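Peer 1: Got a predicted structure here, sequence first:
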Amino acid sequence: VLQLTLAVIKPDAVAHPVILEALHQRILDNNFVIVRSKDVVWRRQDSESFYAEHSGRFFYQRLVEFMSSGPMRAYVLAREDAIHHWRALMGPTKVFRARHTSPATIRAQFGLTDTRNTTHGSDSVESAQREIRFFYPDFCAEEWMEKE
Ligand code: CMP
């Protein structure tokens with residue numbers, strides 16, 4: 001089924017033009033349609049609010065700081081089973097595990113640490129809706145689906 005997901009290229013990767021371009025190309029090579037794309041810089045409070053479910057975890061402060069440390073790129077992507085496919089391309093959250101279990105994934109190839117792990121992707125239909133609304137408050141998924 002045709003699905004939308006939110007994909008973020010995090011500040012560690014946006015800071016490096018060659019990696020940013022490689023990731024953009026990987027999106028196109030994997031048959032995603034880029035529905036929306038923009039570069040944004042979060043204030044600390046945007047970061048805290050987006051990752052509120054992780055408040056209290058040991059990595060929360062460093063995550064919040066990292067995600068508001070510089071520009072990132074936020075895409076709305078569409079394809080069959082977009083949520084699963086983007087997560088499969090990213091690989092496991094933890095870089096060590098990614099390098100050992102799935103060396104061809106984005107995080108295995110470009111991730112720096114468990115926090116600075118290159119990309120984010122929605123993990124369910126519900127979080128995709130929430131996260132798309134977070135970055136693109138005016139975006140109407142139903143309208144976009146109808147046009148397709
Ligand atoms: P993301 O997919 O954006 O969702 C939550 C983020 O928290 C995750 O990617 C990492 O950047 C960070 N994170 C998750 N688990 C850990 C961990 N064990 N140590 C450090 N950072 C983590």
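Peer 2: Happy to help now that I have it.

Peer 1: Could you list the contact residues of the chain toward the ligand?
Peer 2: Within the chain, the positions adjacent to the ligand are 54, 59, 63, 93, 114-115, 117, 120 by Cβ under 6 Å from any ligand atom. Quick note: C-beta positions are derived from backbone N, CA and C, even for glycine.

Peer 1: Mind doing that once more with 5 Å?
Peer 2: Within the chain, the positions adjacent to the ligand are 59, 63, 114-115, 117, 120 by Cβ under 5 Å from any ligand atom.

Peer 1: Can you tell me which of those residues lies closest to F139?
Peer 2: Ranking the residues of the chain next to the ligand by separation from F139, with Cβ to Cβ as the measure, puts H120 on top at 17.3 Å.

Peer 1: Next, the contact list for F139, please.
Peer 2: Under the criterion of Cβ atoms under 8 Å, 6 or more residues apart in numbering, the neighbours of F139 are 36, 76, 132-133.

Peer 1: which SS class is it?
Peer 2: At F139, secondary structure determined by DSSP: H, G, I helix; E, B strand; the rest coil is coil.

Peer 1: would JSON lines of the contacts of F139 with distance to K10, neighbour count and secondary structure be doable?
Peer 2: As requested, the contacts of F139 are arranged in JSON lines below (distance: Cβ to Cβ, whole Å; neighbours: other Cβ atoms under 10 Å; DSSP: H, G, I helix; E, B strand; the rest coil):
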{"residue": "R36", "distance to K10": "17", "neighbour count": "16", "secondary structure": "strand"}
{"residue": "V76", "distance to K10": "16", "neighbour count": "24", "secondary structure": "strand"}
{"residue": "I132", "distance to K10": "17", "neighbour count": "23", "secondary structure": "helix"}
{"residue": "R133", "distance to K10": "20", "neighbour count": "13", "secondary structure": "helix"}
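
Peer 1: Arrange those residues in a markdown table, one row each, with pLDDT as further columns.
Peer 2: Listed next are these as a markdown table, based on pLDDT from 0 to 100:
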| residue | pLDDT |
| --- | --- |
| R36 | 98 |
| V76 | 98 |
| I132 | 98 |
| R133 | 98 |
